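*Asks:* Sharing a sequence plus its predicted fold:
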Amino acid sequence: MQFIKSLLICCLLAPATTWVQGQVLSVSPVQPQRGQEVTVTYRTDVAGAKIGANAQEVTMVFTYSTFYDLPWKLPMKKSGKHWVASFVAQRYATFATFYLQSGTLIDQPAADRHYQIPVFEGKNRVLGSYLHESYSLSAQKPKSTDLPKLKLALLKKELANYPDNYEAKVSRLSVLMAAAPSEAARMKYRQEARKIIAQKFESAPTVTGNVNKVTMGYLMIGEKSRLDSVRQVIMERYPNTDIAKDLLADRIARGKDSTQIIPQLETLLASGDAKGEEGSANIHSMLFRRYAAKRDSVRALWHASKLIDEKSPQLPKTLKDIAATLTGYGIAPAAAIAYADQSYALVAKWPVGIIRYFPEFGHIPSFVADTVRAAAVADAKSELLALQALNYLKLGKKSTAAGLAAGASSFGKSREAILNIAQVYQQLGLAEPAYDVLWKLLLADPTDRVALAAAKQAYGKFNNDPSGFIVKVKELEQLELGRMKTDLKKKMLNVAGPELTGLTDLAGNPVTAEMMKNKVVVLDFWATWCVPCIQEMPYFQKVYDKYKDHPEVLFMVVNSGSNNTIDDARKWAKQNPQYSFPIYYNNDKQIGEKVGFTLIPTIAVIDKSGKMQFRTIGFEGPVLEKKLGVEIDLLLK
């Protein structure tokens with residue numbers, strides 16, 4: 001039994017609205033029930049329709065939805081002058097919002113409202129429907145002063161229909177906390193929320209699903225620090241329950257004395273599973289991997305056998321992971337082949353996309369396009385055959401291994417499979433076929449250093465001229481730069497550049513518009529406390545070194561000012577003389593909104609006409625060096 005650490009999942013939100021049946025858009029039935037077919041009809045021949053009768057396509061774009069089996073963009077079908085989409089409201093459906101799109105045209109009831117589909121049970125909306133409608137408001141009216149009031153009105157309706165809806169109770173109090181006029185009022189609502197969450201915990205303190213709702217409640221009111229306290233209480237008050245053992249197992253696995261981890265886990269496992277609870281699958285998983293690492297195949301296989309859950313949608317992947325672990329540690333090749341074979345038999349059911357689990361509904365797979373599913377199944381087939389090939393090779397069955405490796409090459413483009421196929425060929429003394437499959441991987445991803453090293457090794461075994469491989473590598477580099485250039489051209493933003501009014505150099509001299517005129521300006525926003533920002537700087541320095549003498553390129557590494565002072569920036573610059581790029585300081589609190597970022601590091605590149613063409617948010621690693629160089633070259637040309 002694995003304790004699932006609760007996460008508060010934020011969906012892409014959108015507003016709710018109502019509409020008049022018989023006008024531009026209608027939903028039938030008016031009060032859709034779970035299990036019923038729902039039909040959405042859009043009429044292009046009705047006054048007020050923004051999408052005309054000549055439209056080539058119309059798409060429902062869901063902006064908030066618990067219709068998990070539907071894609072976020074659902075194509076509608078043309079029927080005369082109407083566009084129609086039909087689907088079944090599944091057992092878990094509660095509420096959805098959407099707008100209609102055709103090319104660049106968008107139709108929605110108003111600028112701040114989207115169409116909606118509430119789900120009913122009889123004449124009342126189902127449990128959670130008003131709650132989810134309240135969630136859907138935030139993206140519609142993010143800056144509206146009425147937002148708390150609108151959310152509270154919907155939550156009031158939810159609780160009127162379902163007084164025991166725990167999440168709605170906590171959500172209501174979190175809204176009240178955020179809108180509270182004073183700290184005293186905020187604390188009053190916080191205490192109420194804590195009481196409700198504590199009651200929820202006491203209702204079923206050893207049931208994982210209930211504990212997850214408890215942790216979700218604390219996250220909703222901004223008390224993440226309480227999660228460890230919840231876990232500690234479970235371990236102290238209910239030490240013999242499966243959930244407590246699961247938590248203790250996680251703690252044991254983090255222990256510093258590795259020699260004691262296996263004995264402690266075995267002792268914990270020996271106490272037995274609590275009746276009616278979820279079992280000790282997590283402990284078995286830990287012990288399986290640790291015994292495999294010790295090359296103890298007997299014990300590893302015993303624990304592996306306890307990981308098979310026939311009802312789990314993850315079963316095919318679990319079987320494959322067992323086979324991969326045994327293969328990786330070079331033990332029990334016959335068993336590894338058998339596990340891979342069992343997984344292959346179930347490969348059509350390979351878990352793809354998000355698979356949610358709700359205690360009341362069970363497992364809920366999300367929508368996955370047929371092409372995505374087919375690619376995932378093909379990759380899984382390739383990986384499983386390659387695993388079997390490695391293990392047959394270990395058993396001395398070379399011809400079988402070679403045949404399986406060739407079969408694996410015919411499926412998918414999985415990196416894992418290709419590296420294993422190459423390993424099989426290398427061990428068979430077939431260096432050229434090994435090089436050929438690795439080269440296909442490198443053509444797909446020229447930055448793959450592991451594949452590059454393996455390809456170089458294979459190349460040297462059938463070609464004594466190392467200069468030939470150097471030529472090949474240069475071809476790869478040009479291929480990578482060409483692809484990057486094509487991709488970046490498509491992603492050019494072509495939006496007005498930000499008005500930079502609060503920048504100074506570290507001497508306090510203001511940055512002027514004249515300094516940036518007719519130049520490609522590279523803005524890198526950072527802070528001294530930002531670890532990814534610091535990790536980015538060696539790559540940024542290399543780009544600066546390449547262009548620092550170019551008269552049409554200006555670099556501005558801007559300390560964001562968030563929890564930093566100009567003195568912090570000056571001190572950092574003095575302590576890091578290896579970086580010669582110019583550092584500036586920002587006093588404008590709206591800089592993030594102007595440039596379009598909430599996270600750092602962020603790099604914005606502005607062209608010579610003052611338009612922002614590229615914006616990279618977050619640390620990308622070594623690729624930054626090449627990518628930023630290509631962006632600058634594109635704008636210089």
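*Replies:* Right, received. Where do you want to start? Given the structure is predicted, the values throughout are model-derived calculations rather than measurements.
*Asks:* quick one: Tyr99 from Thr59, how far?
*Replies:* 9 Å (CB to CB, to the nearest Å). In this view, the C-beta of every residue, glycine as well, is placed from N, C-alpha and C.
*Asks:* Kindly apply the preceding question to Glu593 instead.
*Replies:* 30 Å.
*Asks:* who's more crowded, these two?
*Replies:* Thr59 (19 against 11; other CB atoms under 10 Å).
*Asks:* Show me this protein divided up by domain.
*Replies:* Listed by automatic domain parsing, the domain ranges of the chain are 25-163, 185-237, 495-636.
*Asks:* For those domains, give me CSV that also has distance to Ala249 and mean pLDDT.
*Replies:* What follows is these, written out as CSV (distance: least, CB to CB, whole Å; pLDDT from 0 to 100):
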stretch, distance to Ala249, mean pLDDT
domain 25-163, 31, 94
domain 185-237, 11, 95
domain 495-636, 30, 90
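*Asks:* Out of those, which is closest to Lys349?
*Replies:* Distance to Lys349, taken as CB to CB, is lowest for domain 25-163 among those, at 16.1 Å.
*Asks:* who does the residue lying closest to Glu121 once chain neighbours are set aside bridge with?
*Replies:* Closest residue in space to Glu121, ignoring its immediate chain neighbours: Gln33 at 6.7 Å, by CB to CB, 6 or more residues apart in numbering. Following DSSP bridges, Gln33 is listed with bridge partners Phe120.
*Asks:* tally of neighbours for Gln33?
*Replies:* So Gln33, with other CB under 10 Å, has 14 neighbours.
*Asks:* for Asp112, same thing?
*Replies:* 12.
*Asks:* For Phe62, see how far away it is.
*Replies:* In terms of CB to CB, Asp112 sits 18 Å off from Phe62.
*Asks:* got a list of what the most centrally placed residue in the chain touches?
*Replies:* For the chain, Ile354 is the residue whose C-alpha lies nearest the centre (CA atoms, centre = their mean; 9.9 Å). Contacts for Ile354 (CB atoms under 8 Å, 6 or more residues apart in numbering) come out as 365-366.
*Asks:* next one: Leu173
*Replies:* Taking CB under 8 Å, 6+ apart, we find Leu173 in contact with 189-190, 192-193, 196, 221.
*Asks:* can you pick the most crowded of those?
*Replies:* When neighbours are counted by other CB under 10 Å, Ala193 leads the contacts of Leu173 with 24 neighbours.
*Asks:* and that residue, what element?
*Replies:* Assessed by DSSP states H and E, Ala193 sits inside helix 183-203.
*Asks:* Does anything pack onto that helix? Which helices or strands?
*Replies:* helix 166-179, helix 208-220 (3 or more CB pairs under 8 Å, 6 or more residues apart in numbering; DSSP states H and E).
*Asks:* If we use 10 Å, what do you get?
*Replies:* Here helix 183-203 touches helix 166-179, helix 208-220, helix 226-237, going by 3 or more CB pairs under 10 Å, 6 or more residues apart in numbering; DSSP states H and E.
*Asks:* CSV for the ones you listed, including distance to Gln140?
*Replies:* Shown next, in CSV, are the helices and strands packed on helix 183-203 (distance: least, CB to CB, whole Å):
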stretch, distance to Gln140
helix 166-179, 15
helix 208-220, 20
helix 226-237, 31
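*Asks:* Of the domains of the chain, which is nearest Pro316?
*Replies:* domain 25-163 (20.2 Å).
*Asks:* Could you work out the end-to-end span of that closest one for me?
*Replies:* 33 Å (CA to CA, to the nearest Å).
*Asks:* I'd like the distance from that domain to the chain centre, please.
*Replies:* Domain 25-163 has its C-alpha centroid displaced from the chain centroid by 25 Å (CA atoms, centre = their mean, to the nearest Å).
*Asks:* Ok, stretch 159-178 next?
*Replies:* On CA atoms, centre = their mean, the centre of stretch 159-178 falls 28 Å from the chain's centre.
*Asks:* Would you mind listing the buried residues in it?
*Replies:* 159, 161-162, 165-177 (16 or more other CB atoms under 10 Å).
*Asks:* now stretch 506-524
*Replies:* 506, 511, 516, 519-524.
*Asks:* Contacts for stretch 215-234, please.
*Replies:* Stretch 215-234 is contacted from outside by 3-9, 166-167, 169-171, 173-175, 177-178, 189-190, 192-194, 196-198, 200-201, 205-206, 211, 214, 241, 243-244, 246-248, 250-251, using CB atoms under 10 Å, 6 or more residues apart in numbering.
*Asks:* then that stretch to CSV, C-alphas only?
*Replies:* Provided in CSV are the C-alpha atoms of stretch 215-234 (Å, rounded to 0.1, in the frame of the first residue of the first chain):
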residue,chain,number,x,y,z
THR,A,215,-3.9,17.2,3.4
MET,A,216,-5.8,18.9,0.5
GLY,A,217,-7.7,20.9,3.0
TYR,A,218,-4.6,22.2,4.7
LEU,A,219,-3.1,23.1,1.3
MET,A,220,-6.3,25.0,0.4
ILE,A,221,-5.9,27.2,3.5
GLY,A,222,-2.1,27.7,2.9
GLU,A,223,-0.9,25.4,5.7
LYS,A,224,1.5,23.0,3.8
SER,A,225,3.6,22.8,6.9
ARG,A,226,0.8,20.8,8.6
LEU,A,227,1.2,17.8,6.3
ASP,A,228,4.2,16.5,8.2
SER,A,229,2.2,16.9,11.5
VAL,A,230,-0.6,14.8,10.1
ARG,A,231,1.8,12.0,9.1
GLN,A,232,3.4,12.1,12.5
VAL,A,233,0.0,11.8,14.3
ILE,A,234,-0.9,8.8,12.2
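*Asks:* what ranges do the strands span in the stretch 451-600 of the chain?
*Replies:* 495-496, 503-505, 520-526, 553-559, 583-586 (DSSP state E, counting those that start in this stretch).
*Asks:* If you count contacts, what does the second one end up packed against?
*Replies:* When contacts are defined as 3+ CB pairs under 10 Å, 6+ apart, strand 503-505 sits against helix 513-516, strand 553-559, strand 583-586.
*Asks:* let's see 7 Å
*Replies:* Other elements packing on strand 503-505 under the criterion 3 or more CB pairs under 7 Å, 6 or more residues apart in numbering; DSSP states H and E are strand 583-586.
*Asks:* Next: the fourth one.
*Replies:* Counting contacts by 3+ CB pairs under 7 Å, 6+ apart, the secondary-structure elements packed against strand 553-559 are strand 520-526, strand 583-586.
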